[in-house]
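> Could you look at this predicted model? Sequence included:
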Amino acid sequence: MQPTTNTPFERFAFVAMIVLMISFPFLVIGLILLMSIFPANVEHSVIGWIHVIGWVIFTIGTPVFCVICAIKIERDHMRALAKAEVELSDMMVSDMRTLPQNWEATGAVFIVESVVIANDYLKSFLWAFRKLVGGESKSLSRLLSRARREATVRVLRKAKACGANVIWNIRYETSAVHSIFTGDSSRNMITGVELLAYATAFSVTAE
């Protein structure tokens, strides 16, 4: 079954960002060396203009590339989740604690699944502005929704692999992943969310 996360495009975007980050110091060093070699006419040299154009493309293209990747990864994930939910629609999911009296449950299995979804910088940018005026942050709400649906799908897949047809008493635990840039905890940045889902899976036959 095709995974809803860790898709080929996600891996491509991750590797591309690593390459960009590694190449950035070399771009800076190359500019410094170029200016030291051609201090007088670097602005007019062909090499200088090529380097300047490359610098502009890098500084402008990298954020644009990140935004495009973030949007595509999110849309691909939502489509994959919708497809998986349709495939698993025959499984019953409930957050109730007690079973109906006419049910006969067999093969109970306790299932725990978790997922960590990274927050992209576009959402962080929107979140920073939202904090200024308050209100609902739709970007983070969408992130939490993705994490919740992904964790639920993982629980359903594991339960189906165990031969169960019912997920009962499902519960969720959510925590934020922070990145601390300074010693001041008030300046923490939410870099992702972790969602833990656990439930009891079993097979049910009604009397």
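Good, I have the coordinates. Numbering: from 1, shown residues only.

> which helices and strands does whichever strand in the chain runs longest pack with?
Identified as the longest strand of the chain according to DSSP state E is strand 189-206. When contacts are defined as 3 or more CB pairs under 8 Å, 6 or more residues apart in numbering; DSSP states H and E, strand 189-206 packs onto strand 103-118, helix 121-133, helix 138-161, strand 166-179. Using the backbone N, CA and C atoms, a C-beta is placed for each residue, glycine as well.

> and among those, the most buried is which?
Compared across these, helix 138-161 shows the largest average neighbour count, a mean of 19 (mean count of other CB atoms under 10 Å).

> residue contacts, residue 119?
140, 143, 177, 190-193 (CB atoms under 8 Å, 6 or more residues apart in numbering).

> switch to 6 Å and redo it
143, 190-192 (CB atoms under 6 Å, 6 or more residues apart in numbering).

> For residue 71, see how far away it is.
Counting by CB to CB, to the nearest Å, the gap from residue 119 to residue 71 is 14 Å.

> can you check residue 102 too?
Going from residue 102 to residue 71 by CB to CB gives 48 Å.

> count of residues packed around residue 69?
When neighbours are defined as other CB atoms under 10 Å, residue 69 has 19 of them.

> Check residue 205 too.
10.

> Who is it paired with across the strands?
On the basis of DSSP bridges, residue 205 is bridged to residue 104.

> isn't it right next to residue 104, touching?
Yes - applying CB atoms under 6 Å, one finds residue 205 in contact with residue 104, separated by 5.2 Å.

> Between residue 102 and residue 71, which is the more surrounded one?
Under the neighbour definition other CB under 10 Å, residue 102 and residue 71 were set side by side, and residue 71 has more, 12 against 9.

> any idea which element the more buried one lies in?
Using DSSP states H and E, residue 71 sits in helix 46-87.

> what do you get for residue 90?
Taking DSSP H and E as the definition, one finds residue 90 inside no helix or strand.

> Need the nearest residue in space to residue 112, chain neighbours excluded.
residue 198 (4.4 Å; CB to CB, 6 or more residues apart in numbering).

> Please apply the same query to residue 108.
For residue 108, ignoring the flanking residues on the chain, the nearest one in space by CB to CB, 6+ apart is residue 202 at 4.2 Å.

> how about that neighbour, what does it touch?
Shown in contact with residue 202 (CB under 6 Å, 6+ apart): 105, 107-108, 164, 166.

> The residues you listed into a markdown table, with extra columns for pLDDT and distance to residue 83?
Below are the contacts of residue 202 laid out as a markdown table (pLDDT from 0 to 100; distance: CB to CB, whole Å):
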| residue | pLDDT | distance to residue 83 |
| --- | --- | --- |
| 105 | 84 | 29 |
| 107 | 87 | 27 |
| 108 | 89 | 29 |
| 164 | 92 | 21 |
| 166 | 93 | 22 |
